[in-house]
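*Asks:* Could you work out the structure for the sequence below:
(chains A, B and C)
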Amino acid sequence: MLLVVEQFLNGLQFGLLLFLLAAGLTLVFGIMDLVNLAHGSLYMMGAYFAATFAAWTGSFVLGALMALGATLVLGIVLEVTALRHLYGRDHLDHVLATFGLILFFNEAVRLIWGPAGLALPLPAWLTVPVPILPGIHYPAYRLAIIVVALLVALLLYLGVMRTRIGMLIRAGASNREMIGALGINIKLLYTLVFGLGAALAGLAGLMQAPILTVQIGMGENILILAFVIIVIGGIGSIRGAFLAAIFVGMIDTLGRAFLPNLLRQVLSGAAASTAAPALSSMLIYLLMAIVLVVRPEGLFPANRR
Amino acid sequence: MAEPLLRVEKLVRRFGGIIATDNVSLDVASGELHAIIGPNGAGKTTLISQLTGHLAPHSGSVSLAGRDITDLPAYRRCALGLARSFQITSLLLDFTAADNVALAAQAHAGTSFRFFANARKEKGLRDAAHAALDRVGLLHRADVVVSRLSHGERRELELAVALASKPKLLLLDEPMAGLGVTESQRMVKLLQELRKEVSIVLVEHDMPAVFALADRITVLVYGRVIASGDPAAIRANEDVKRAYLGDQHVVTHHG
Amino acid sequence: MKSLSVSKAVTALMLAGLVLLPLYSQLSGNIFILTLFTRIIILALAAASLNLIMGFGGMMSFGHAAYLGIGGYAVGMLAQEGIGSGFIQFPVALAASAIYALVIGALSLRTRGVYFIMITLAFAQMAYYVASGLARYGGDDGLTIYNRSDFSGLINLGNRVQFYYLCLACLFGVIFLIWRIVNSRFGLVVQGLRSNEQRMQAIGFPAKRYQLVCFVISGTMCGLAGALLANNTDFVSPAVMYWTRSGDLMVMVILGGMGTLFGPVMGAVVFLLLEELLSQITEYWALIMGPLLLLIVLFGRGGIMGVLGRAGRG
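*Replies:* Reported below is the predicted structural model:
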């Protein structure tokens, strides 16, 4: 029981992190029609910035806030110097150019921080277990991730659905010419949206940093998970990204935790322990395959005109 | 009377709350040139797309030469003898004119799962392509890449492509759209010739052309058939006059 | 006509260089260059196979490295189980790649565009994880192949020069096949689908069937590259199908010239030589390579073949 609740929360927490990453990716794709592989690099940079700033300032929270700002700035710089020139071009061009950026970022990180990973230690007040149900404790930090990510998701939802800028964003997603005709500075809007996406990725990275080590390439595997989420959720849909992210986070976490035991009940011990790791890492891809068969456009596609 | 070549029965297609095709029924006899006209937004292209299988109807049926084709995909209908031209020219832009037509011929000449022999050297396919190009007067442009053809030439090429599949029925979606006066005249002349060989469903805004060409005309307004008959009957029909009243210029001239 | 002759001349020069390379290696005693170019040729073969679906078929697969792994693991796993004959290993490698391509292709082709890129990428990543989970075959650490595929006296893969020429022959054979396919009935249909799928459907072609067959042919060819690569390194590991490797293959195709017969070979030669060169200058070669890629995308339309064509036109 305890384990189930704990893994359930872990799955939720992982899913929410994935959502932060996927939301930025799908926003940028939906609005600028840009496929950004380097999104994972921004996630990595968020983690590296946080580790560095936290070490400088001696404060985890201060470091995290500075890192958030730094990824925002980095995203804006990236958009203005490089990615802006890719709008309106082939998706293949996007893929290759941003693939080049990944190589660049990985190498730059290796040059600056060295090949070994960094650690981002948590302050004491975040490491205590918090009672959530009678007799069940859960690490405060993971709980904090859940709360922060949920808040951000809510803000994102309200921001996109209720505010003027959100309206522009939605208008941009469905009709590029229209916002141009409204006399809105579309260049600035795009830069801001990209910056927002970068900040979301950075936030995911810096929150994940204390749980895993901060290392080169950490953004790449998780980026592919974000792709899976977008395929499952439906491209350009924030709501779809949210639901699919939670779903994928749960399946992946619960699969890894419980599949070996389940398999052991069906197969012999040796066969089960051989198959389990391979199978549990396949789970979400199998899920994606099923979605593709049943609903190729994704489970919650953005409303088409 | 014999079985009609094309029979459309009670076709319905909705988009959200809008009924784009409202219980449309019509017959096209073998050898007939049947025109479908109507004001803008009458649902003509929606209807054509359901005939070709690019859009599924919500109810009703389409049959070709007595065979129900309502649920067949586009490529199967084409194999049964239904060819279409697109309203907005839709060709393989990076292929030559001859290649465009030869591919259509190839679709109807045995399997295309041949991996080794050079298809551009297959005499049968090339001859068929050249014959179809000749038919529309484009033979001298056979080896020109489509992206370098003029708009009028592309329209003619569309026809050649449709012809190359040796169709029983040709669905032409506004073949005159965007053509100049001389080009239009050439197109009318060409259609005069073609109608001797193949049945045609013609969707067109150019009223003089329609009344010059059609054996029968069906008038579509808001997705519904309001009249169907020979050109003289349609000209005299009160409903048609009324439907076009606010849109008079469409009847007399489309520009 | 002149533009054609420039790229043709450069291509001919490159091919002659590839054929004569072992001679140079022998005379100069430079063995390293032979090893390097064996690798280049194998990856050129993989790039050529990717070009078939990407350049001619318009299917942007970001998961082509999976076949390198599948072909390689077929050789490695059979060798591990004591089956050393190349007459078994290679057909199994090709068949396994074909089956994987059939399944992945059938799923991925239900979508298009960016989705297709993401899905092929995701499935290749799945293959990567599965290989990492194969504890019996080395898991993350990979699998050492102690004996190269045995073709019972027909050809000795242990001999550097013989192996080099085998790889070169495979490359030429695959390019010949691609040339025939591209100009065949099938090839015209696939290229027509790249150009305008709706039109091809209207003419009477069921699109997905042709694209799937093309996808399988391409995957099978790349599986051959995988089997050769495993023999070349005497080793296979999940890293061979890591997604950056798929990206490398894409870059080779674009760099050389998409949809041209010899472009991918040119791309592979230039890309891998550049990598080799930069890594000798600085440890941080990717720092230069990354932005270089960006610049190629922004300014180098049509790849090397395109540039040669323009140069010829003056």
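*Asks:* Was I right to think residue B:44 contacts residue B:36?
*Replies:* Yes - under the criterion of Cβ atoms under 8 Å, residue B:44 makes contact with residue B:36 at 5.6 Å. No exception for glycine: its C-beta is placed from N, CA and C like everyone else's.
*Asks:* can you tell me which helix in chain A is longest?
*Replies:* Identified as the longest helix of chain A according to DSSP state H is helix A:2-32.
*Asks:* could you say what helices and strands that helix packs with?
*Replies:* helix A:39-57, strand A:129-133, strand A:136-139, helix A:140-162, helix A:164-174, helix A:186-208, helix A:218-233, helix A:238-266 (3 or more Cβ pairs under 8 Å, 6 or more residues apart in numbering or on different chains; DSSP states H and E).
*Asks:* buried stuff in that helix?
*Replies:* Buried residues in helix A:2-32, counted by 16 or more other Cβ atoms under 10 Å in any protein chain shown: A:6-7, A:9-32.
*Asks:* on that earlier part again, got the helices and strands packed on helix A:2-32 as JSON lines, with mean pLDDT and mean neighbour count columns?
*Replies:* Output for those, formatted as JSON lines (pLDDT from 0 to 100; neighbours: other Cβ atoms under 10 Å in any protein chain shown):
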{"stretch": "helix A:39-57", "mean pLDDT": "95", "mean neighbour count": "25"}
{"stretch": "strand A:129-133", "mean pLDDT": "84", "mean neighbour count": "11"}
{"stretch": "strand A:136-139", "mean pLDDT": "86", "mean neighbour count": "17"}
{"stretch": "helix A:140-162", "mean pLDDT": "90", "mean neighbour count": "16"}
{"stretch": "helix A:164-174", "mean pLDDT": "66", "mean neighbour count": "17"}
{"stretch": "helix A:186-208", "mean pLDDT": "92", "mean neighbour count": "24"}
{"stretch": "helix A:218-233", "mean pLDDT": "90", "mean neighbour count": "25"}
{"stretch": "helix A:238-266", "mean pLDDT": "88", "mean neighbour count": "19"}
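*Asks:* Nearest to chain C, out of these?
*Replies:* Minimum separation from chain C across the helices and strands packed on helix A:2-32 (Cβ to the nearest Cβ) falls at helix A:218-233, 4.1 Å.
*Asks:* does any part of that closest one sit near chain C?
*Replies:* Yes - counting by Cβ under 8 Å from any Cβ of the partner chain, chain C has neighbours in helix A:218-233: A:220, A:221, A:224, A:227, A:228, A:230, A:231.
*Asks:* Just name the closest of those to residue C:285, please.
*Replies:* Nearest to residue C:285, judged by Cβ to Cβ, of the residues of helix A:218-233 next to chain C is residue A:220 at 18.6 Å.
*Asks:* Surely that closest one touches residue A:99?
*Replies:* No - Residue A:220 is beyond contact range of residue A:99, at 10.6 Å (criterion: Cβ under 8 Å).
*Asks:* Between these two, which contacts overlap?
*Replies:* residue C:244 (Cβ atoms under 8 Å, 6 or more residues apart in numbering or on different chains).
*Asks:* out of the helices and strands packed on helix A:2-32, nearest to chain B?
*Replies:* For chain B, the closest of the helices and strands packed on helix A:2-32 is helix A:164-174, at 15.5 Å, according to Cβ to the nearest Cβ.
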